[in-house]
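Chemist: I need the structure of the sequence given here:
(one chain, ligands or ions: 1)
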Amino acid sequence: MRVDVVSIFPEYFAPLDLSLIGRARASGTLQLAVHDLRTWTHDVHRTVDDTPYGGGPGMVMRPEPWGEALEALAPPGGNPPRLLVPTPAGAPFTQALAHELAAEPHLLFACGRYEGIDQRVLEHAASRMPVTEVSLGDYVLFGGEVAVLVILEAVTRLLPGVLGNVGSLDDESHAHGLLEAPMYTKPAVWRGQEVPTVLRSGDHGKIARWRRDEALARTVARRPDMIAALPPECLDPRDRAA
Ligand SMILES: Oc1ccccc1-c1ccno1
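Modeler: From the prediction side, this is the model:
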């Protein structure tokens, strides 16, 4: 997978040389390039923002540098990337979208700052490539860089060969529409608290059932919205009686 990121703070992405993402880049699974938006400015002050039409506080990112950056990184006529624009006004970023993005050959991230990017940039881009405005949640950040780091980690870990133990994707939170069950490791007793006996029973059927029940209970308690979204067949008949 090829990933291009455009930002006025490219140094935000230094952490992407670390850990599993760093290994994915070294192995060639992930080809990542970070670009400074100011590369596509032509004035002495390398200006990227201006005051908003209609008034109001703050500044808006000018369309000209973005237009040139997106044309440089997604040249007309080539296979277009999918443009991801983190914004508080975007669609929720979910594990399902992470899986969708992990199947894309080329992602292009536009990191907005200030009050956002002139909307015409996204409208013009949409005439040439798929554009997804995405939100991490109902809160406001200084800019899109942190959101891109989160999205990149969620997507990269789904790429083939990145996670050593592929099985760990099977039962993690959101893998089957539920939150994951509590996890334990040695010692069996720690500060007087004992690991649930069933987990040390060796009975894999009982262990699987316990973990599913715990996952369901956690989801009901913490994320009832996820329960409402579960397809009926996901709820065991015994659970329906509950
Ligand atoms: O608050 C933001 C500012 C710029 C770009 C993205 C965001 C954001 C907030 C939540 N998800 O994304």
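Chemist: give me the phi and psi for V134.
Modeler: Backbone geometry at V134, expressed as degrees, to the nearest 10, gives phi -130, psi 140.
Chemist: whoops, V34 was the one
Modeler: phi -110, psi 130.
Chemist: do Q193 as well
Modeler: Dihedral angles (degrees, to the nearest 10) for Q193: phi -100, psi 130.
Chemist: equivalent analysis for V131, please.
Modeler: Taking degrees, to the nearest 10, you get phi -120, psi 130 for the backbone angles of V131.
Chemist: now do E133 against G161, distance only.
Modeler: Note on E133: its distance to G161, by C-beta to C-beta, to the nearest Å, is 30 Å. No exception for glycine: its C-beta is placed from N, CA and C like everyone else's.
Chemist: what about the two, which has more around it?
Modeler: Higher neighbour count among E133 and G161: E133, with 18 against 11, using other C-beta atoms under 10 Å.
Chemist: what helix or strand does L84 sit in?
Modeler: Per DSSP states H and E, L84 falls inside strand 82-92.
Chemist: got the buried residues for that strand?
Modeler: Buried residues in strand 82-92, counted by 16 or more other C-beta atoms under 10 Å: 82-88, 90.
Chemist: what comes into contact with that strand?
Modeler: Applying C-beta atoms under 8 Å, 6 or more residues apart in numbering, the contact partners of strand 82-92 are 70, 74, 97, 101, 104, 106-112, 116-117, 122, 125, 129-141, 144, 147-148, 151.
Chemist: mind listing what's buried along stretch 152-164?
Modeler: Using 16+ other C-beta under 10 Å as the test for burial, stretch 152-164 gives 152, 154-159, 162.
Chemist: what segments of the protein are helices?
Modeler: 19-27, 63-73, 95-102, 119-126, 145-156, 204-222, 224-229, 237-241 (DSSP state H).
Chemist: tell me the angle of the first one relative to helix 145-156?
Modeler: Here helix 19-27 runs at an angle of 70 degrees relative to helix 145-156 (axes from the mean of the first three to the mean of the last three C-alpha atoms, to 10 degrees).
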